[in-house]
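*Asks:* mind looking at a prediction? Sequence and model below.
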Amino acid sequence: MKRKHAIIIGAVVLVVITCFALVFTLSGTGNENNVLTLVENGVSDYVIIVPESSWEQNWSTAEGAEYYSAFDLQEYIANMTGVTIPVMKDTEVPISEDEKVISVGMTNREGVRYTVDRDSIGEDGYTIKTVGNGVYIAGGRPRGTGYAVYDFLENYFGCKFYSNSLITWPSYETLTLNEIEDDTFIPKFTVRFLGGNRYVGSDDGSAGAASKANGNYTMGNVYGDRMTFAYRTGDWRWVHTINHLADIDIHYYDYETFECPECNTEYRADETIPGTDTDWEDAGDGVSCPTCGNATFRDFINHIYSLSGYDIANYIGMSNEPSGHVRFQPCLTGINPITGRSLAGEVVDGANRWLSESAAAGHVNDRLISVSQYDASWQYGGCECASCKAMENLTGSAAGNWIWLCNQVANSIKDDYPNVMVNTISYLYTVEAPVNIKAEDNVSVFICTNDYCAAHPWNECGVSLRYGSASDMTKRVSEWQQVCDHLYGYDYYRSMGDNRWLYPIQYQMYYNYKWYYDLGFEGVYSYMLEEPDNFGGLNVYLASKMMWNPDMTLDEYQALIDDYCIAAYGPGGDSVSEIIKLYHERSSENCWSMCTTNYFDIMPSSAELVYDENNIYAVIDTSFVDEVEALFDDAFSKAETTAQTEAIEKEYINFCYYKLRDLHNISDYYLLAPDFDMTAEEINSAIYSTADELIELLVKYNIDEIGYDGRNDTGHTVDLSDADNFDRMSLPENW
């Protein structure tokens, strides 16, 4: 079992030990009257034991999770002390009152040397206790023991698992443990999905267990296997499933060309419609053929299906109300013209088929199945036929149709699959909670937050920035609580526009997850950036900590940030921690969401236009840029290793990008600011050198997405092989 580790000594070890002392004191589990000496002077009298049934089992099974976790415990004790404590089967070590064992998992000591309330701890909780000289670590099955081992290493000995490649531990000549009467922990959120898998995945699953995220579909091996959504063979899906469940052609609109059925002119999907800024792939129903004028884009679509033998009119067709767009959501209350069956019936059958196939494939951890809308509704909305509109009018929201559909599925599976929850999403056109309908007890809802203010905590602001008439988050959640008893947060902690821009979300994460916990939410999905910059690693680490224990104090949370910064960025990590605080202070001046593409709404520019009744002038204040630059300089100057320097450089990319756009903004306005002390030549020189520095870093770290393509609502990709020819005096979207 091999793993990459980063051993950080000196100042970091001091910080780690300090944090350990804090956690230990707060836990209340220490007792100085009985101190166990696990290792002393290079020798240990202890043995680690695991259930015989777990021996050499696969990591994905409940038994295998206990076996692998025991060897992880062995490895980290060896890292800390230089002593390798043997791992043995429980049946190989006689039970005795004075035994010196570290029992991992459901060993034969359970009920004899210790007890644990397995009904209480569930699948992911655990109990750690000492009895005499023995240490007993017992977690719920399938994943709890792995989580227990990593909490044991972190809370009692000061190991830190920041990511799969950034792990620290202190060194001990003598490793002792105070008596633990009963350290029982039950995670506050049952569902803990975590994006950013490059930071938590690993070949052997240890980083997944350390993060304690139990449901990330892209995560690597997780001891005991992840909590899963049921899925059909070869098509694992956990959201946007409606067209898959009903076997509708999910890509009916996704063609390279569209042909006019009247004049047979073909238009490329990525070709701009004459006289507009819109591509044909985003055309509305009523757009006429520019060649003959005798057919609309709706006719183009119907023509495609006519050639395929499908009649989709009035199904995925034109709305009864003149919305002007192709509707990408199927008719939830009507008939599938492709099969002649009701869509609800098909979805019920599809869900049961997925569950059956998933069970047959051995997926014993299926706890959810998604019945959720296709991901295109921000443009096109739902079906507007008479029956769908009647349901919407009755329930006051398009979400009413989805709760009705989920209830059909929920009632059909509850007897055969009592542990599975039907899951849907409150998202875009289904943001508002319905009335006059109640979700079945085995239905859950993700509350998606992509359009809501990310600059401030949900319960302090929570305004929708896409739909001006939408309820704020507090009112929205309150109304959904009347509909469904099982709510999860679906949070966007990454840009949906330009990933290189500064999006400070570290402190909002703390307040939002505490709010979810206080409201009784049962789970969270944290949608994270999976790239190496913009504090991606820190954000994933903080999200994992808050999902596991949202009850921590702000001081404890700040300590996590500070510890991470020292571990990742070196002795200058305190300066990086200050940079994060400055980013948050400045970005809180406006409301913005993760879908915001107006850069300076998120992080205000140094240059600001001021209007009064007599004139227009500019105020240029570069103190923010100067202060952040000085802090980066300090962090770079204190870096002791190449890894630390490179970690700082990755965060500098985003600041460098901000500074470049800021300089362009200053260039536009400096003539209106007579007191500003830079000349045009100095500004241009700064633009060139900043762009050059940014390009060098992009090439070094192979980051080719920078800027925003407003026409296609996507990030802008650059060809790094042509970096020498990039125009340093233009913005990155022109490179």
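*Replies:* Sure, I can see it. Residues are numbered from 1 along each chain as shown.
*Asks:* show the contacting residues for Thr174.
*Replies:* Thr37, Val39, Glu40, Asn41 (Cβ atoms under 8 Å, 6 or more residues apart in numbering). Any C-beta I mention is one placed from the backbone N, CA and C, and that applies to glycine too.
*Asks:* confirm that Gly489 sits in a strand.
*Replies:* Yes. Assessed by DSSP: H, G, I helix; E, B strand; the rest coil, Gly489 belongs to a strand.
*Asks:* so what's it scoring on pLDDT?
*Replies:* With respect to pLDDT, Gly489 scores 96.
*Asks:* quick one: residues contacting it.
*Replies:* Phe446, Ile447, Thr449, Asn512, Tyr513, Tyr516, Phe521, Gly523, Val524, Tyr525.
*Asks:* mind redoing it with 10 Å?
*Replies:* The contact partners of Gly489, by Cβ atoms under 10 Å, 6 or more residues apart in numbering, come to 189, 191, 193, 446-449, 458, 477, 512-513, 515-517, 519, 521-526, 547.
*Asks:* report the distance from the helix or strand hosting Ser103 to the chain centre.
*Replies:* Counting by DSSP states H and E, the element that carries Ser103 is strand 101-104. Taking Cα atoms, centre = their mean, to the nearest Å, one finds the center of strand 101-104 at 34 Å from the center of the full chain.
*Asks:* run me through the strand neighbours of it, direction for each.
*Replies:* Counting by DSSP bridges, the strands paired with strand 101-104 are strand 47-50 (parallel), strand 134-139 (parallel).
*Asks:* average pLDDT for stretch 190-198, rounded please.
*Replies:* Mean predicted confidence for stretch 190-198 is 79.
*Asks:* pLDDT of the longest helix seen in the chain, averaged?
*Replies:* Assignment by DSSP state H gives helix 642-669 as the longest helix of the chain. Helix 642-669 carries an average pLDDT of 96.
*Asks:* likewise stretch 420-431?
*Replies:* So the average pLDDT for stretch 420-431 ends up being 94.
*Asks:* from the contacts of Thr174, which single one is nearest Pro142?
*Replies:* Each of the contacts of Thr174 was checked against Pro142 using Cβ to Cβ; the closest is Val39, at 30.0 Å.
*Asks:* between the helix or strand containing that closest one and strand 134-139, how many degrees?
*Replies:* Using DSSP H and E, Val39 maps to strand 35-40. Put simply, strand 35-40 runs at 90 degrees to strand 134-139, going by axes from the mean of the first three to the mean of the last three Cα atoms, to 10 degrees.
*Asks:* can you give the contact residues for strand 35-40?
*Replies:* 43-46, 77-78, 80-83, 85, 100, 102, 130, 132-135, 157, 172-180.
*Asks:* in CSV, list the strands paired with strand 101-104 along with distance to Tyr669, mean neighbour count and mean pLDDT.
*Replies:* Supplementary listing: the strands paired with strand 101-104 in CSV, determined by distance: least, Cβ to Cβ, whole Å; neighbours: other Cβ atoms under 10 Å; pLDDT from 0 to 100:
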stretch, distance to Tyr669, mean neighbour count, mean pLDDT
strand 47-50, 66, 23, 98
strand 134-139, 60, 26, 98
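*Asks:* would you list the ones you listed in CSV and tack on distance to Tyr701?
*Replies:* Listed next are the strands paired with strand 101-104 as CSV, based on distance: least, Cβ to Cβ, whole Å:
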stretch, distance to Tyr701
strand 47-50, 41
strand 134-139, 38
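*Asks:* for Ala410, find the nearest of those.
*Replies:* strand 134-139 (30.0 Å).
*Asks:* how far off centre is that closest one?
*Replies:* With Cα atoms, centre = their mean, you get 32 Å for strand 134-139.
*Asks:* also stretch 353-361?
*Replies:* 27 Å.
*Asks:* avg pLDDT for it?
*Replies:* The model assigns stretch 353-361 a mean pLDDT of 90.
*Asks:* number of nearby residues for Glu97?
*Replies:* 9 (other Cβ atoms under 10 Å).
*Asks:* residues in contact with the closest residue to it other than its chain neighbours?
*Replies:* Of all residues not flanking Glu97 in the chain, Gly132 sits nearest, at 6.0 Å (Cβ to Cβ, 6 or more residues apart in numbering). For Gly132, the contacting residues are Asn34, Leu36, Ser96, Glu97, Asp98, Glu99, Lys100, Val101, Arg113, Glu179, by Cβ under 10 Å, 6+ apart.
*Asks:* same question, Asp117
*Replies:* Contacts of Asp117 by Cβ under 10 Å, 6+ apart are Gly125, Thr127, Thr184, Ile186.
*Asks:* so which of these is the most crowded?
*Replies:* Thr127 (24 neighbours).
*Asks:* low-confidence stretches in the stretch 601-735 of the chain?
*Replies:* Along the stretch 601-735 of the chain, the model assigns pLDDT under 70 to residues 709-714.
*Asks:* residue boundaries of the strands in it?
*Replies:* Secondary structure of the stretch 601-735 of the chain (DSSP state E, counting those that start in this stretch): strands at 607-611, 616-620, 705-709, 714-717.
*Asks:* repeat for the stretch 151-300 of the chain
*Replies:* 160-161, 167-168, 174-178, 183-185, 191-194, 228-229, 257-259, 266-268.
*Asks:* so which of the ones you listed is nearest Asn302?
*Replies:* strand 257-259 (11.3 Å).
*Asks:* can you list the strands that the closest one pairs with?
*Replies:* Strand pairing (DSSP bridges) places strand 257-259 next to strand 266-268 (antiparallel).
*Asks:* domain assignment for the protein?
*Replies:* What automatic domain parsing lists as the domains of the chain is 11-185, 228-247+340-545, 257-308, 599-734.
*Asks:* with distance to Leu582 added, can I get these in TSV?
*Replies:* As requested, the domains of the chain are exported to TSV (distance: least, Cβ to Cβ, whole Å):
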stretch	distance to Leu582
domain 11-185	22
domain 228-247+340-545	9
domain 257-308	37
domain 599-734	6
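*Asks:* out of those domains, nearest to Ala210?
*Replies:* That would be domain 11-185 among the domains of the chain, by Cβ to Cβ, at 3.6 Å.
*Asks:* tell me how far the closest one lies from the chain's centre.
*Replies:* 29 Å.
*Asks:* ok, stretch 184-192 next?
*Replies:* So, by Cα atoms, centre = their mean, the centroid of stretch 184-192 is 17 Å from its chain's centroid.
*Asks:* what's the first-to-last distance across that stretch?
*Replies:* 19 Å (Cα to Cα, to the nearest Å).
*Asks:* mind listing what's buried along that stretch?
*Replies:* Buried residues in stretch 184-192, counting neighbours by 16 or more other Cβ atoms under 10 Å, are found at Thr184, Phe185, Pro187, Lys188, Phe189, Thr190, Val191, Arg192.
*Asks:* now stretch 422-440
*Replies:* For stretch 422-440, by 16+ other Cβ under 10 Å, it's 422-434, 437, 439-440.
*Asks:* report the two of the residues you listed separated the most.
*Replies:* It's Leu428 and Glu440 that sit farthest apart of those, by Cβ to Cβ, at 23.4 Å.
*Asks:* Leu355 is in contact with Lys414, correct?
*Replies:* No. The pair Lys414 / Leu355 is not scored as a contact, 11.4 Å apart, by Cβ atoms under 10 Å.
*Asks:* give me the common contacts of those two.
*Replies:* With Cβ under 10 Å, 6+ apart, Lys414 and Leu355 have common neighbours Val420.
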